[in-house]
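Asks: attaching a predicted model along with its sequence, questions to come.
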Amino acid sequence: MGDHALSRAAHLCASHNATLDLAYLAQPGETPPADAVCRLAHHALQLGQRHDIRVRPRSRIALDPADLLSEVGCADLVVWGMAPVRGLRSLFMGQPVAGILRKGRRPVLVVRAAPSGPYRSLVVAVDFSKASGRLVELGFALNGDARVELFHAISNANEGKLRYAEVSEMAIKTYRAQCRRHAEDRMFSLKYSFDARRNRVLSTIGHGSPARQVLVQQQRSAADLVVVGKHPSSAAIDFFFGSVAESVLRDCASDVLVVPHDHRSASGAHAAKRLPGGMAVGRLRG
């Protein structure tokens, strides 16, 4: 995953005229290699020459995601190439990338596949909140020529509550149809708010667990990137009540761009010139 993330980050920097900052984040409980900083500098030299971009290797090893927060705050986009952490700590506290999302409040691109060019097909998971339009804009910012599919899953959680309350099946079907019509109206409004790109924006509505349905739609459409938002939450809340974004991150086969709903614009002086709200690319761990 590390090499794929390096390559994707370099391609993005080249296409957006951005600087690439490289950092090494040690796995929890791992002793970093003695030559980690030297290897990072070597990667920086190679990437800079190969892609004709400015690359700055970080000279200090990060032992915890918190060590990177100050640098993450100056980046427009964090490109993550760290393998998932296993064990009890990750079960209760979540993956290290979750900490960056909660505390860094920056968009994070988790890279799994070897880049073969710009992203060509995107699935953008929308919940019709104010942040949904922002997700679409960030997806287009990665590649303005990509095919974008807006996807919304109507949760069936309330249907279970209605059945538990012994509501009739006819009433449940009526409720489901009302939810569908409401979702279709909201989707129509969102889709046509991107008038200039209308012919490249598709829309689909599913029914069931949002996280599960996003994964199914990614496989069905063979999208090479899923864009999903993340509501502000703590590790405890995500553990007990679940998080759509973290579920998608855990199980999705494609690359995933996670955008915190409360994300801040990058503090770098030239960020606004690259993406709407930001994009220098910081890459965490090789």
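Replies: Okay, I see it.

Asks: and the strands in the stretch 51-200 of the chain, which stretches?
Replies: Secondary structure of the stretch 51-200 of the chain (DSSP state E, counting those that start in this stretch): strands at 55-57, 77-80, 108-110, 121-125, 147-154.

Asks: same question for the host helix or strand of His4, mean pLDDT?
Replies: Assigned by DSSP states H and E, His4 falls within helix 2-16. Per-residue pLDDT over helix 2-16 has a mean of 91.

Asks: and it, which residues are buried?
Replies: Residues Gly2, His4, Ala5, Leu6, Ser7, Arg8, Ala9, Ala10, His11, Leu12, Cys13, His16 are the ones in helix 2-16 that count as buried (16 or more other Cβ atoms under 10 Å). C-beta here means a position set from N, CA and C on the backbone, and glycine is covered the same way.

Asks: quick one: the third one and Leu77 touch, right?
Replies: Translated: Ala5. No. Counting by Cβ atoms under 8 Å, Ala5 stays clear of Leu77, with 11.7 Å between them.

Asks: leaving out sequence neighbours, find the closest residue to Gly104.
Replies: Val72 (3.9 Å; Cβ to Cβ, 6 or more residues apart in numbering).

Asks: quick revisit: now do the helix holding His4: distance to the chain's middle.
Replies: 15 Å (Cα atoms, centre = their mean, to the nearest Å).

Asks: neighbouring strands for the next helix or strand after that helix, and are they parallel or not?
Replies: Using DSSP H and E, the next helix or strand after helix 2-16 towards the C-terminus is strand 20-23. The pairing partners recorded for strand 20-23 under DSSP bridges are strand 55-57 (parallel), strand 281-284 (parallel).

Asks: ok, Asp35 - how many residues close by?
Replies: 10 (other Cβ atoms under 10 Å).

Asks: give me phi/psi at it?
Replies: Dihedral pair for Asp35: phi -100, psi 20, per degrees, to the nearest 10.

Asks: per-residue pLDDT of it, please?
Replies: You'll see Asp35 listed with a pLDDT of 86.

Asks: ditto for Arg198
Replies: We have a pLDDT of 61 for Arg198.

Asks: likewise for the one 5 residues further on?
Replies: Ser203 carries a pLDDT value of 93.

Asks: wasn't it part of a strand?
Replies: Yes. Under DSSP: H, G, I helix; E, B strand; the rest coil, Ser203 sits within a strand.

Asks: mind listing what it touches?
Replies: Listed by Cβ atoms under 8 Å, 6 or more residues apart in numbering, the contact partners of Ser203 are Glu149, Leu150, Phe151, His152, Met187, Phe188, Leu190, Lys191.
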